[in-house]
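**Student:** heads up, no residue letters with this:
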């Protein structure tokens, strides 16, 4: 991912409806599984990007250890500015350096898609093995390879996933799938329509394209965020959406 995309993410992710929706579902899952208020938690953001998810984990869980790694030095710098109390360091999901022995929560949002599952399998097994019994791995990944567009090229995506593929990879890690669903489901037709021109006109030069991350109209931003909160509330109540632009999973170590 080029530096412009990291700067855009750092500027917009606190308020942008898509990122707010992702943090909302992560927060709901952690509350539902009673991690909030638990003492002595060890928490890792594997692929922390520019730090907004890391900040959520710190403020919500108050863990005794909060760590995050990313492959980009720029992302590390931006994360450290946002979450100075966190242990933020350079690392690759394919060969993850771990500064702790066991973790209660490992979060990894839209990271495996940049390497592909085959390249990251051994690294993900190391992360799964680092979970303490009862610990959870929370994943969010882009859905459907046919939806690969200029946005994916700009942010470095090489593989998009299906729910069936995510279930298989969780099984491969030796973890129990507790929750598996698509996300951004109500808005999925709009996402497809918005990306249709890019889907029909493939480009190979990442430097010539940009992601579809932009500053939305404030009213539209609030409305879209509310739609995602509605979806997320349904997810924690047991609804499993049959389609969407993302796949979301929670896997537990027995």
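**Tutor:** Yep, it's here. All values reported here derive from a predicted model rather than from experimental measurement.
**Student:** my read: residue 102 touches residue 128, true?
**Tutor:** No: distance between residue 102 and residue 128: 11.6 Å, which falls outside the contact criterion (C-beta atoms under 8 Å). From N, CA and C alone the C-beta is placed, and that goes for glycine too.
**Student:** can you tell me the average pLDDT over the helix or strand hosting residue 79?
**Tutor:** Using DSSP states H and E, residue 79 sits within helix 73-82. In this model, helix 73-82 has a mean pLDDT of 96.
**Student:** immediately after that helix, which helix or strand?
**Tutor:** Toward the C-terminus, helix 73-82 is succeeded by strand 87-90 as the next helix or strand (DSSP H and E).
**Student:** Looking at residue 102 and residue 128, which is more packed in?
**Tutor:** Between residue 102 and residue 128, counted using other C-beta atoms under 10 Å, the more crowded position is residue 128 (18 against 13).
**Student:** tell me the SS of the more buried one?
**Tutor:** When the structure is reduced to helix, strand and coil (DSSP: H, G, I helix; E, B strand; the rest coil), residue 128 reads as helix.
**Student:** these two touch, right, it and residue 175?
**Tutor:** Yes: applying C-beta under 8 Å, one finds residue 128 in contact with residue 175, separated by 5.6 Å.
**Student:** shaky segments in the stretch 151-254 of the chain?
**Tutor:** When the per-residue scores of the stretch 151-254 of the chain are filtered using pLDDT under 70, the ranges that remain are 202-210.
**Student:** where along it do the helices fall?
**Tutor:** 163-172, 188-200, 218-236 (DSSP state H, counting those that start in this stretch).
**Student:** tell me the contacts of residue 41?
**Tutor:** 35, 61-65, 104-105 (C-beta atoms under 8 Å, 6 or more residues apart in numbering).
**Student:** Relative to residue 24, how far out is the residue nearest to it when sequence neighbours are not counted?
**Tutor:** With C-beta to C-beta, 6 or more residues apart in numbering as the measure, residue 63 is the residue that lies nearest to residue 41, at 3.9 Å, once sequence neighbours are left out. Note on residue 63: its distance to residue 24, by C-beta to C-beta, to the nearest Å, is 20 Å.
**Student:** Among those two, which residue is more densely surrounded?
**Tutor:** Taking other C-beta under 10 Å, residue 63 and residue 24 do not tie; residue 63 has more neighbours (21 against 17).
**Student:** looking at this, that one is in a strand?
**Tutor:** No: Residue 63 sits outside any strand when classified using three-state DSSP, being coil.
**Student:** so it touches residue 43, yeah?
**Tutor:** Yes: judged on C-beta under 8 Å, residue 63 makes contact with residue 43 at a distance of 4.2 Å.
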